[in-house]
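> generate a structure from the sequence data that follows.
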Amino acid sequence: MTTLKAKLKDELNVAIKARDELRSSTLRMTLTAITKEEVAGKTKRELSDDEVQMVIAKEAKKRREAAEAFTAGGRPEQAARERAEGELLDAYLPKQLSDAELEAVVAAAVEEAKAAGAEGPRAMGAVMKIVNPKVAGQAEGGRVAATVKRLLAG
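Next up, the predicted model:
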């Protein structure tokens, strides 16, 4: 078993014993998502820590989107719970890049793509291929894409 998955299971046991309903339900949902990912496809497999982090990131993103939807729908108590679950999951993810750090990585990638002959908005794919491996897990794809578009346009 991967170390991150084992850590989640251990912390679930602690949360259950402490009767921490929010933490235990959030960890249960996350472990279920990890298990679903492991059995998806033709054969069952163990996820690596990186793959487990990707599942956790996906779950955290779902919580943020749900919080926005509940806020827009006039259900602030449910939105607050979703935000709390998202923050709980963020603790298991690598530190996110700040806007300045992300912009520096993207700017370097834009220069690298321009040196290879890519110009203007059509260079988006080339820049994304350079940036994505460097920021994997440290920045959401939408944030990266928006920064790339902004730097390519200006």
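
> what's the burial count for residue 47?
18 (other C-beta atoms under 10 Å). Glycine gets a C-beta too; all of them are placed from N, C-alpha and C.

> most centrally placed residue in the protein?
Centroid-nearest residue in the chain: residue 57, 2.9 Å away (criterion: C-alpha atoms, centre = their mean).

> which helix or which strand is home to residue 24?
In this assignment (DSSP states H and E), residue 24 forms part of helix 21-39.

> quick one: average pLDDT of the next helix or strand after that helix?
Remark: after helix 21-39, the chain's next helix or strand is helix 49-72, criterion DSSP H and E. Helix 49-72 carries an average pLDDT of 91.

> which elements pack onto the helix holding residue 24?
helix 3-17, helix 49-72, helix 76-90 (3 or more C-beta pairs under 8 Å, 6 or more residues apart in numbering; DSSP states H and E).

> residue 126 is nearest to which of those helices?
helix 49-72 (23.6 Å; C-beta to C-beta).

> buried residues in the closest one?
Going by neighbour count (16 or more other C-beta atoms under 10 Å), the buried part of helix 49-72 is 51-57, 59-60, 62-64, 66-67, 70.

> mind putting the helices and strands packed on helix 21-39 into JSON lines with distance to residue 29?
Formatted as JSON lines, the helices and strands packed on helix 21-39 follow (distance: least, C-beta to C-beta, whole Å):
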{"stretch": "helix 3-17", "distance to residue 29": "10"}
{"stretch": "helix 49-72", "distance to residue 29": "7"}
{"stretch": "helix 76-90", "distance to residue 29": "8"}
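
> which residues are contacting stretch 41-58?
1-5, 8, 30, 33-34, 37-38, 89, 92-94, 137, 140 (C-beta atoms under 8 Å, 6 or more residues apart in numbering).
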